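# pasting the structure only:
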């Protein structure tokens, strides 16, 4: 962060959109700063958890293709009289991160937890973590519009929200807004030759990982899974156990052999065309597969904030959020922040660190650079990072967490996290350890059970880590 402040903040009332990990961490640090009069958290679900709040029933809508972020969000489902916004969580899912590394810095997972906690264990953990914040949360409340205006040169944000229980809308004003609504809602499903006609003729064949819950619907079916990041490989391994052999895994870059062996599928190239009459696809090398029963796109999500009334729009093609300093502060109006954007990071620690920065900045204890300097930072980073702007390099999260801890230690407010040598080691070996955890039946409660033993001498690793991969967040 910079050494010269452009302005002095006069933030007293703060709104947080989302009670998932990023929103809860932001609230903890803002509350501990003891500089703000009001902290309100708006959560559209009936409980905390964000992406970890599981819905057994998936979304009822899917855009085929879906490439624009300026798309209405999926409507909620009415389940037993309650409105539920389906998450992308599936029934059997475990974190890719060992529990100590996964946890918030001051709130460990229970010691009897699996070393890679299950999705329901993470949800229980977040429920417990939210205990001191629950009086701040407005549950079943959807944010409809966030509009900026200024009073005496200071930002003001008009906030319109609707209670999903009463259907009554209200508007109030805040000095600052934390957008922690996540980025696992609006699916990305690419435009491919013939895909529209195929979907119209064969509805239900094309689907997305967000709608996956269990492998049962794929029993004895001919299946292609598109994408070999964390969720694509996990889903492929589950479907491969029941589908017609072999499952076909369509990829742009080769899958590590150990992962491919575990999936038990056959790797193929990129789909270049959907063949309507054949109910099939043509791959880039000319290979044709006919009579497909399912094509599951594990191709990720688009950034989208339909409630933000801002010009220019901060999201253009859905691949990144523009006009941000350090991927966090809206440069022209830094009373708007976006924690949780970085990809391929350990999310809870990064969100905590960002929360420490936000709380101190708005309390005028950590100055920002000038607007010009912040724009120069973004321009320089965009030139270096290209299309994968929010994807951090291997080791980027460790450097960020520990450098900010060193900078802010001893300051006023809740201390940010720090990774010791053992956590650094866990970050290096997590991918190999997670694969062993899956292969051995998802029962291990320690890394040692999987053959990974930390030693403070030397490098600490008893196993060689593979190249970095996606982390399920």
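Happy to help now that I have it. Given the structure is predicted, the values throughout are model-derived calculations rather than measurements.
# give me the phi and psi for the closest residue to residue 254 other than its chain neighbours.
Nearest residue to residue 254, sequence neighbours excluded (CB to CB, 6 or more residues apart in numbering): residue 267, at 7.0 Å. All C-beta atoms are positioned from the backbone trio N, CA, C, and that covers glycine. Taking degrees, to the nearest 10, you get phi -80, psi 130 for the backbone angles of residue 267.
# kindly report the same for the one 5 residues further on.
Backbone geometry at residue 272, expressed as degrees, to the nearest 10, gives phi -100, psi -20.
# residue 287 is in contact with that one, correct?
No - judged on CB atoms under 8 Å, residue 272 makes no contact with residue 287 at a distance of 9.9 Å.
# which one's more surrounded, the two?
Set residue 272 next to residue 287 and count neighbours by other CB atoms under 10 Å: residue 272 wins out with 15 against 12.
# would you mind measuring from residue 331 to residue 199?
40 Å (CB to CB, to the nearest Å).
# three-state assignment of residue 171?
Secondary structure assignment for residue 171 (DSSP: H, G, I helix; E, B strand; the rest coil): strand.
# per-residue confidence for it?
What the model reports for residue 171 is a pLDDT of 98.
# residues near it, how many?
Per other CB under 10 Å, the neighbour tally for residue 171 reads 11.
# please name the bridge partners of it.
Using DSSP bridges, the beta-bridge partners of residue 171 come out as residue 160.
# ok, it touching residue 159?
Yes - using CB under 8 Å, residue 171 is in contact with residue 159, at 6.6 Å.
# packing partners of the longest helix along the chain?
If you go by DSSP state H, the chain has its longest helix at helix 421-439. With contacts taken as 3 or more CB pairs under 8 Å, 6 or more residues apart in numbering; DSSP states H and E, helix 421-439 sits against helix 99-102, helix 257-263, helix 396-408.
# could you give me the buried positions within that helix?
Neighbour-count burial for helix 421-439, counted by 16 or more other CB atoms under 10 Å, picks out 423, 425-438.
# stretch 272-284 now?
Buried residues in stretch 272-284 (16+ other CB under 10 Å): 273-276, 279-283.
# so which pair among those residues is furthest apart in space?
276 and 283 (16.3 Å; CB to CB).
# contacting residues around the closest residue to residue 258 other than its chain neighbours?
Counting by CB to CB, 6+ apart, residue 435 is the residue found nearest to residue 258 once chain neighbours are left out, at 6.1 Å. By CB atoms under 8 Å, 6 or more residues apart in numbering, residue 435 lies in contact with 258-259, 262.
# low pLDDT regions in this protein?
1-7, 458-473 (pLDDT under 70).
# hey, where'd the helices end up in it?
21-33, 99-102, 119-129, 195-201, 230-240, 257-263, 347-362, 371-385, 396-408, 421-439.
# including distance to residue 295, could those helices go into CSV?
Formatted as CSV, the helices of the chain follow (distance: least, CB to CB, whole Å):
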stretch, distance to residue 295
helix 21-33, 31
helix 99-102, 32
helix 119-129, 25
helix 195-201, 9
helix 230-240, 12
helix 257-263, 16
helix 347-362, 29
helix 371-385, 31
helix 396-408, 33
helix 421-439, 24
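# nearest to residue 10, of those?
Smallest distance to residue 10 across those (CB to CB): 9.3 Å, for helix 347-362.
# run the angle between that closest one and helix 396-408 for me.
30 degrees (axes from the mean of the first three to the mean of the last three CA atoms, to 10 degrees).
# for helix 347-362, packing partners?
So helix 347-362, by 3+ CB pairs under 8 Å, 6+ apart, packs with helix 21-33, helix 396-408.
# residues in contact with the last one: which ones?
Identification of contacts with helix 396-408 by CB under 8 Å, 6+ apart yields 1, 342, 344-346, 349-350, 353, 356-357, 360, 366, 392, 415-419, 424, 427.
# out of the residues you listed, which end up buried?
Going by neighbour count (16+ other CB under 10 Å), the contacts of helix 396-408 have 1, 342, 344-346, 349-350, 353, 356-357, 360, 366, 392, 415-417, 419, 427 buried.
# quick revisit: out of the buried residues of stretch 272-284, which comes closest to residue 119?
residue 281 (31.1 Å).
# show the contacting residues for the closest one.
Contact analysis of residue 281 by CB under 8 Å, 6+ apart lists 224, 271, 273-275, 288-289, 292, 295.
# nearest residue to it in space, please, no chain neighbours.
Distances taken as CB to CB, 6+ apart place residue 271 nearest to residue 281, at 4.8 Å, with adjacent residues excluded.
# what about the one you found, neighbour count?
Per other CB under 10 Å, the neighbour tally for residue 271 reads 22.
# same deal with residue 376?
Applying other CB under 10 Å, we find 13 residues neighbouring residue 376.
# gap between it and residue 389?
Distance from residue 376 to residue 389, by CB to CB: 16 Å.
# then residue 63?
Residue 63 is 23 Å from residue 389, by CB to CB.
# which one of these two has more residues nearby?
Between residue 63 and residue 389, counting by other CB under 10 Å, residue 389 is the more crowded of the two (19 against 16).
# which one of the helices and strands packed on helix 347-362 is the most hemmed in?
Comparing those by mean neighbour count (mean count of other CB atoms under 10 Å), helix 21-33 ranks first with a mean of 25.
# please identify which of the helices of the chain is closest to residue 53.
helix 119-129 (6.4 Å).
# from the contact counts, what lies against the closest one?
helix 21-33.
# touching, residue 16 and residue 29? I think so.
No - at 10.9 Å, residue 16 and residue 29 do not qualify as touching, with contact defined as CB under 8 Å.
# quickly list what's touching both of those two.
Listed as contacting both residue 16 and residue 29 by CB under 8 Å, 6+ apart is no residue at all.
# on that earlier part again, nearest to residue 58, of the helices and strands packed on helix 421-439?
Once those are compared by CB to CB, helix 257-263 is nearest, at 21.9 Å.
# buried residues in that closest one?
For helix 257-263, using 16+ other CB under 10 Å, the buried residues are 259-260, 262-263.
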